[in-house]
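In: Below are the sequence and a predicted model for it; my questions follow.
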Amino acid sequence: MSFILGFLASIGRTVLAGLAAIGRIALFAADTISQLARPPFYFREFLHALVQIGWLSLPVVGMTALFTGGALALQIYAGGARFNAETVVPSIVAIGLTRELGPVLGGLMVAARVASSIAAEIGTMKVTEQIDALTTLSTNPMKYLTLPRVLAATLAVPVLVGVGDVLGIMGGFLVGVGRLDFSAATYLHNTIDFLETWDVVSGLIKGAAFGFIVALMGCYYGMNSGRGAQGVGRATKSAVVAASVLILASNYLLTELFFAS
């Protein structure tokens with residue numbers, strides 16, 4: 001009996017700790033959003049974050065999308081050949097990339113690159129007491145460090161997703177025409193005919209949500225980093241893991257919201 005009670009107590013502690021963490025993150029997100037209505041706005045920090053998050057993430061997101069589109073075309077062709085449905089390759093590649101793979105893979109790549117970078121940067125600032133110095137100088141760390149990064153990621157990741165969609169469809173086109181003997185005109189025609197505006201827009205909305213999550217997790221774990229190199233390392237790891245899990249979970253919720261009948 002004592003073993004069972006101890007086991008149930010450990011489950012209860014885990015659930016309560018998880019709920020407490022969710023509450024702290026929710027309060028952190030609300031505090032970040034509320035900073036939009038309070039001056040001043042640090043435009044230089046916003047532009048710097050926009051370059052770091054958007055422009056410098058473009059190569060990894062673009063290459064990921066390009067090769068994913070090519071691999072997806074090969075897989076769909078191989079599966080469709082079993083049912084004499086090879087002609088569905090262009091439409092399914094386009095729909096799959098714009099609805100799911102484009103925003104999810106783009107979000108995960110940005111999480112690996114940006115969430116870790118933000119957490120390490122802010123965590124190091126906390127360890128070296130630079131955040132305390134900002135407070136001493138009457139500068140709100142949430143407004144100076146968190147808001148510009150969260151806002152930049154929320155605006156930049158949908159653009160990255162859009163570019164990734166184009167490159168992913170291009171990758172499928174190159175494989176379809178060069179490897180699978182599709183006619184270029186037929187491939188493009190089937191892509192355009194079956195791709196709807198909402199397919200693209202829903203992916204961009206997901207990209208904005210994923211960008212918000214990535215930057216928020218990086219800032220949250222950076223602000224709550226432990227002291228020393230180990231504390232910064234744990235914060236960096238936790239930021240990437242939390243951002244990745246939340247991206248996958250929110251992707252399901254958004255898909256259920258957008259496409260459930």
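Out: Nice, I can see it.
In: And the helix or strand residue 12 falls within, what's buried?
Out: Element membership for residue 12, per DSSP states H and E: helix 2-34. Neighbour-count burial for helix 2-34 flags 25, 28-29, 32 (criterion: 16 or more other CB atoms under 10 Å). In this view, the C-beta of every residue, glycine as well, is placed from N, C-alpha and C.
In: before we move on, what about stretch 90-107?
Out: 90-107.
In: among those residues, which are in strands?
Out: Secondary structure defined by DSSP state E assigns none of the buried residues of stretch 90-107 to strands.
In: Restricted to helices, list those residues.
Out: Counted as lying in helices by DSSP state H, out of the buried residues of stretch 90-107, are 90-96, 102-107.
In: low-scoring stretches of this structure, by residue?
Out: 1, 261 (pLDDT under 70).
In: The helix holding residue 12 - contacts with which helices or strands?
Out: helix 197-223 (3 or more CB pairs under 8 Å, 6 or more residues apart in numbering; DSSP states H and E).
In: Show me how far the helix it packs on is from its chain's centre.
Out: In terms of CA atoms, centre = their mean, to the nearest Å, the centre of helix 197-223 is found 5 Å from the chain centre.
In: One more: stretch 112-131?
Out: With CA atoms, centre = their mean, you get 18 Å for stretch 112-131.
In: what's it in contact with?
Out: 52-53, 57, 60, 141, 145, 149, 153, 214-215, 217-219, 221-223, 225, 227-228, 231-232, 235-236, 238-240, 243-244 (CB atoms under 8 Å, 6 or more residues apart in numbering).
In: mind listing what the residue nearest to residue 195 when sequence neighbours are not counted touches?
Out: Of all residues not flanking residue 195 in the chain, residue 94 sits nearest, at 4.6 Å (CB to CB, 6 or more residues apart in numbering). Residue 94 makes contacts with 169, 172, 191, 194-195, 199, as judged by CB under 8 Å, 6+ apart.
In: can you do 10 Å?
Out: 69, 72, 102, 165, 168-169, 172-173, 187, 190-196, 199-200 (CB atoms under 10 Å, 6 or more residues apart in numbering).
In: For the stretch 151-261 of the chain, which segments count as helices?
Out: 184-194, 197-223, 228-259 (DSSP state H, counting those that start in this stretch).
In: Quick one: closest of these to residue 9.
Out: Across the helices of the stretch 151-261 of the chain, residue 9 has its closest neighbour in helix 228-259 (24.8 Å, CB to CB).
In: Show the end-to-end separation of stretch 104-121, please.
Out: 25 Å (CA to CA, to the nearest Å).
In: returning to what we had before: what subset of the contacts of stretch 112-131 is buried?
Out: 52-53, 57, 141, 145, 149, 153, 214-215, 217-219, 221-223, 225, 231-232, 235-236, 238-240, 243-244.
In: isn't residue 98 right up against residue 203?
Out: Yes - Residue 98 is within contact range of residue 203, at 4.7 Å (criterion: CB atoms under 10 Å).
In: list residues touching both of the two?
Out: 161-162, 164-165.
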